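Engineer: structure of the sequence below:
(chains A and B, ligands or ions: 2)
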Amino acid sequence: MSAPAATETLVRLTGVTKVYRMGDVEVQALRGVSLAIAQGGLTAIMGASGSGKSTLMNIVGCLDRPSAGRYELAGRDISGLSRAALAELRNRTLGFVFQSFNLLARTSAIENVELPLLYAGVPGRERRRRAVAALGRVGLADRLRHHPAQLSGGQQQRVALARALVMEPRLILADEPTGNLDSTTSAEVMALLQQLGDGGITVVLVTHESDIAAYAERVIVMRDGCVQSDHAQQPLRAPEPAAAAPAMLAPTTAVERPALAAPTGAAR
Amino acid sequence: MSLFQVFRVALRALVRNKLRSFLTTLGIIIGVGAVIAMVAIGEGAKARVQEAFASVGSNMLIVLPGATTQGGAMGGFGSLPTVTWEDLEAIQSELPSVRWAAPSLRSAGQLQSDEQNWSTQINGTTPEYFELRGWKIARGSGLSSSDVEAGTKVVVLGQTVVEKLYGNNADPLGQLVRIKSMLFQVIGVLEKKGQSPVGQDFDDAVFIPVSTYRSKIQGGLGNYIAGVVFVGAASAADVTRAQSEVTALLRERHRIQPGADDDFSIRNLTEMAGAMQQGTNTLTALLASIAAVSLLVGGIGIMNIMLVSVTERTREIGVRMAVGARPGHILAQFLVEALTLALLGGLIGVGLGLLTAARLASAFGWPMLVRPEIIALAVGFSALVGVGFGLYPAHKASRLDPITALRYE
Ligand SMILES: Nc1ncnc2c1ncn2[C@@H]1O[C@H](COP(=O)(O)OP(=O)(O)O)[C@@H](O)[C@H]1O
Ligand SMILES: [Mg+2]
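Structural biologist: Ligands and ions are numbered 1, 2, ... in the order given. Below is the predicted model of the structure:
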């Protein structure tokens, strides 16, 4: 586990397939996907609608299990884990950003961000402190008490981002995070994601817009449940977001943190 | 995630839907309220019956001439006198468990004052009668032993008789009334006693010395008592013993062979009171179980709303699962929500039930009787209903697939 960050593999899929059965009809959403993603950096997954991007994200995000094949997260096979163990893994190692934000309605920004901490059993005062810090990192320090309905789309997505990073996960998964945003706010969100990637968090995002994929240093293209192409590129650098102070985005290097704790044995 | 946090999350969800939460708990509120009020009504009725029996006289036996049953039917008592004045004497003097014994000879008769007349019950008895029945004199004096010895023509009136002959609140002391065309002097008025458990008016009666009764009203049976004997036991605990002692004494005195039927019968009013109480207990249980059914209906209401709530909040559940809520967290959240609903309903129901009980108590003039264990039981039962009926929806929520939940529209 002392390998340098650049070479450590966080996500490793080997021959992963996913079959959905709806009565007699079988849908092959993934047909043998093998890929590895290292710790840190921004990876974009592209592809036509129905090509299996979301299915892949769900499996990588431990929300779903492969029908066949092997998925290792930080060197650990997750196929045998219970629902509770997967939940704990999502809580401590993963963060999610969704196209539709998925914030709890009529619940303040800070309470939304506190949610993962709540399930991690972090005590109240500490929870509050960390949630405030996370909202500060996404430039929403002045919107703590706002409810989703009182925030713009871009602000809501930044709250979601704060919620995704408040547990200091190793992997953030964003399924079309800019799908509901205009180009200006999209750029802001991408800047944040890019900085998180630079800071050592692995960020995987799904998009079908090439100007969003341009921010990534690696682009995987899916087609009919298979990886069609997979290439590295020189990422477009996003402009510094005005709201987020650079100090708040200080990199948290993944290698300095302990290896992924055994989900069931993790402290409670 | 602490229990406190679970409660907070649950409370927030309930507060968010105030009206719905209230309507959901309404079933429990009505159920618990009904249980409390119904049990209070039952208990009030019971107390009322007890009171009525207390006015009949406590620790009391009535010895009737004639056998209890003959081929299953009640023997017509009084038709064949078997108990003698010596028997009465013996009961009074020989039995340690007996404190008082008094004859009661009665017949219907007309009373005439100067202006009015009134048909009532004329009783011939002794001073002990009033003692053992616990009847007090409101005005004047009661019958005395010397009245009985001398056979004086004095009378003690019941309140109803006073009202009929002299009007409300009149003072008839010293007045002369005519009974069977003989003049009797009113020496006392009894306290108002109200109705017997079977609706007989205790106050519609007059009392004269038993000796006077025998010589002037209805004589002729010589040694036999043409009426009944009231026996007062020394204490409540002695009633049963008094009954067996009186039975043994009379059997011996009447020379009844072992195995042969008694030629008298004994009514145990304490036993009758017990039977009546059993009746009211059954009534209480019946009312309470009807009320409990409404509690059950309330529980189904909670289940219904919890199921709706789980469906409505599917996406929220998905989000919670995505950020790390384990199935146990989701289960606890919904279970606690159901429990909170039921408990809140239970507490409001207790308040409402107590109010209703108080209202009813004052309306019927009953004592307000709510036992704390009934309240505890009702609240505990509603909590049980909450958990019981919340379990299925909560389980359903906890088994949701996170992806399906997140996609739910
Ligand atoms: N829960 C499901 N049940 C049945 N079929 C599904 C389900 N989820 C996805 N699919 C199917 O799997 C395929 C891939 O879907 P998805 O991964 O959502 O594609 P993408 O995100 O690339 O648009 C599609 O054909 C879709 O219809
Ligand atoms: Mg998709």
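
Engineer: was I right about residue B:249 contacting residue B:94?
Structural biologist: Yes: if you go by Cβ atoms under 8 Å, residue B:249 and residue B:94 touch, sitting 6.6 Å apart. All C-beta spots, glycine's among them, are computed from the backbone N, C-alpha and C.

Engineer: neighbour-wise, which of these two wins?
Structural biologist: Taking other Cβ atoms under 10 Å in any protein chain shown, residue B:249 and residue B:94 do not tie; residue B:249 has more neighbours (16 against 11).

Engineer: so the more buried one versus residue B:391, what's the distance?
Structural biologist: Residue B:249 sits 66 Å away from residue B:391, going by Cβ to Cβ, to the nearest Å.

Engineer: which residues of the stretch 201-350 of chain B score low on pLDDT?
Structural biologist: B:219-221 (pLDDT under 70).

Engineer: chain A contacts on that one?
Structural biologist: Residues of the stretch 201-350 of chain B found near chain A (Cβ under 8 Å from any Cβ of the partner chain) are B:315-316, B:318-329.

Engineer: quick check, nearest of those residues to chain A?
Structural biologist: residue B:324 (2.4 Å; Cβ to the nearest Cβ).

Engineer: is stretch A:22-33 up against chain B anywhere?
Structural biologist: No: if you take Cβ under 8 Å from any Cβ as the test, stretch A:22-33 misses chain B, and the best it gets is 11.5 Å.

Engineer: contacts for that stretch?
Structural biologist: Applying Cβ atoms under 8 Å, 6 or more residues apart in numbering or on different chains, the contact partners of stretch A:22-33 are A:13, A:15-21, A:52, A:55-56, A:59, A:66-67, A:69, A:224-227.

Engineer: from those residues, keep the buried residues only.
Structural biologist: With burial judged by 16 or more other Cβ atoms under 10 Å in any protein chain shown, the buried subset of the contacts of stretch A:22-33 is A:13, A:16-18, A:52, A:55-56, A:59, A:66, A:69, A:225-227.

Engineer: in helices, which of the residues you listed appear?
Structural biologist: Secondary structure assignment by DSSP state H places A:55, A:56, A:59 of these in helices.

Engineer: could you look up the SS state of whichever residue of the stretch 251-400 of chain B sits closest to ligand 1?
Structural biologist: Going by Cβ to the nearest ligand atom, ligand 1 is nearest to residue B:318 of the stretch 251-400 of chain B, at 12.8 Å. Classification of residue B:318 by DSSP: H, G, I helix; E, B strand; the rest coil places it in helix.

Engineer: ignoring the adjacent residues along the chain, who's closest to it?
Structural biologist: residue B:405 (3.0 Å; Cβ to Cβ, 6 or more residues apart in numbering or on different chains).

Engineer: am I right that that neighbour sits in a helix?
Structural biologist: Yes: read with three-state DSSP, residue B:405 is one of the residues of a helix.

Engineer: just give me how far the helix or strand containing residue B:363 sits from the chain centre.
Structural biologist: Here residue B:363 is covered by helix B:327-364, with elements defined by DSSP states H and E. Centre-to-centre, helix B:327-364 and its host chain are 28 Å apart (Cα atoms, centre = their mean, to the nearest Å).

Engineer: near chain B, which residues of chain A?
Structural biologist: Residues of chain A lying near chain B by Cβ under 8 Å from any Cβ: A:58, A:61, A:63-64, A:83-84, A:87-88, A:90-92, A:96, A:98, A:102-106, A:115-116, A:118-121, A:163, A:167.

Engineer: who's in contact with the residue nearest the centre of chain B?
Structural biologist: Residue closest to the mean C-alpha point of chain B, counted by Cα atoms, centre = their mean, is residue B:46 at 1.7 Å. By Cβ under 8 Å, 6+ apart, residue B:46 lies in contact with B:277, B:280, B:281, B:284, B:369.

Engineer: what's it sitting at in phi/psi?
Structural biologist: When read as degrees, to the nearest 10, the backbone of residue B:46 gives phi -60, psi -50.

Engineer: measure it to residue A:143 for me?
Structural biologist: 64 Å.

Engineer: ok, for the residue of the stretch 151-300 of chain B at minimum distance from chain A, nearest residue in space, not its chain neighbours?
Structural biologist: Nearest residue of the stretch 151-300 of chain B to chain A (Cβ to the nearest Cβ) works out as residue B:298 at 27.3 Å. Nearest residue to residue B:298, sequence neighbours excluded (Cβ to Cβ, 6+ apart): residue B:27, at 2.8 Å.

Engineer: which element is the one you found on?
Structural biologist: Taking DSSP H and E as the definition, residue B:27 sits inside helix B:18-56.

Engineer: count of residues packed around residue B:16?
Structural biologist: 12.

Engineer: now it: how far from ligand 1?
Structural biologist: Distance of residue B:16 to ligand 1, given as Cβ to the nearest ligand atom, to the nearest Å: 30 Å.

Engineer: pLDDT score for the residue of chain A at minimum distance from chain B?
Structural biologist: Residue nearest to chain B within chain A: residue A:91 (2.4 Å; Cβ to the nearest Cβ). pLDDT, residue A:91: 97.
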